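K.L.:
Provided below for reference: sequence and predicted model.
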Amino acid sequence: MNTPGLGKIIYTEEQIQQRIAEIAATINRDYTGQELVVICILKGSFYFVADLTRRLTMPMIVDFLSIGVTHDESGKTAIKFNKDLDVDIDGKQVLLVEDIIGTGFTLGYICQRLETSHPASLKICTLLDNPAERLLPIQIDYKCFTMPDMFVVGYGLDYRQHFRNLPYIAEYRY
């Protein structure tokens, strides 16, 4: 691993796949006999959602959200939906899949927005939880790893749109 900026591997490909299999087994048990709407938050979650959904056994629909952050002249930050859902989630069992949960602000906003569509349930599944950054309490129903407080790339996570394709998660020093 001689790419500038890349540090030690935090989670190997094998560790990631093993943990996804374990989480998928729990989700399969929790949603037995039900249809599930899986919502992937782009771009970082697409590798995770692809591997996860291949292990799920219930009928499902997969849809995607894309979120953007804008800054106005005064420096205020706003979250905008670049791509909204194509499916109606009213009365549906919904699993929101995220790559990493940090402060909780973006995810809190997304959940608040999805709740206005009246899903029967809304649960959160994340690849990485970074509780050291948490500013807003978030109920995480399924998590693969509680990560160390560092910047990481790989397996969908990026630095300036690079490194998403790494099959493992590594520390990145920018």
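P.N.:
Yep, that arrived.

K.L.:
Provide the strand pairings for the helix or strand of the chain with the lowest mean pLDDT, with the direction of each partner.
P.N.:
Here the helix or strand of the chain ranked lowest by mean pLDDT, DSSP states H and E is strand 77-83, holding a mean of 83. Applying DSSP bridges to the sheet, strand 77-83 is found paired with strand 60-71 (antiparallel).

K.L.:
in the partner strand, what's buried?
P.N.:
62-65, 67 (16 or more other Cβ atoms under 10 Å). C-beta coordinates here come from the backbone N, C-alpha and C atoms, glycine included.

K.L.:
rewinding a little: could you export the least confident helix or strand of the chain as CSV, CA atoms only?
P.N.:
The C-alpha coordinates for strand 77-83 follow below in CSV (Å, rounded to 0.1, in the frame of the first residue of the first chain):
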residue,chain,number,x,y,z
THR,A,77,-25.1,25.1,5.6
ALA,A,78,-28.2,23.5,4.1
ILE,A,79,-28.9,20.0,3.0
LYS,A,80,-30.6,19.5,-0.3
PHE,A,81,-31.9,16.3,-2.0
ASN,A,82,-30.2,15.9,-5.4
LYS,A,83,-32.2,12.8,-6.0
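
K.L.:
run the chain-centre distance for that strand.
P.N.:
The chain centre lies 16 Å from the centre of strand 77-83; the measure is Cα atoms, centre = their mean, to the nearest Å.

K.L.:
cool, and stretch 90-99?
P.N.:
11 Å.

K.L.:
also stretch 140-158?
P.N.:
Here stretch 140-158 is found 9 Å from its chain centre; the criterion is Cα atoms, centre = their mean.

K.L.:
for that stretch, how far is the first residue from the last?
P.N.:
22 Å (Cα to Cα, to the nearest Å).

K.L.:
please identify the buried residues of that stretch?
P.N.:
Buried, per 16+ other Cβ under 10 Å, within stretch 140-158: 140-145, 147, 152-158.

K.L.:
for this structure, which segments count as strands?
P.N.:
6-11, 36-42, 60-71, 77-83, 93-101, 121-129, 142-146, 152-153, 169-172 (DSSP state E).

K.L.:
and the second one with strand 77-83, angle?
P.N.:
What separates the directions of strand 36-42 and strand 77-83 is an angle of 120 degrees, with axes from the mean of the first three to the mean of the last three Cα atoms, to 10 degrees.

K.L.:
follow-up on the earlier one: minimum distance to residue 113: which of the strands of the chain has it?
P.N.:
Distance to residue 113, taken as Cβ to Cβ, is lowest for strand 77-83 among the strands of the chain, at 7.6 Å.
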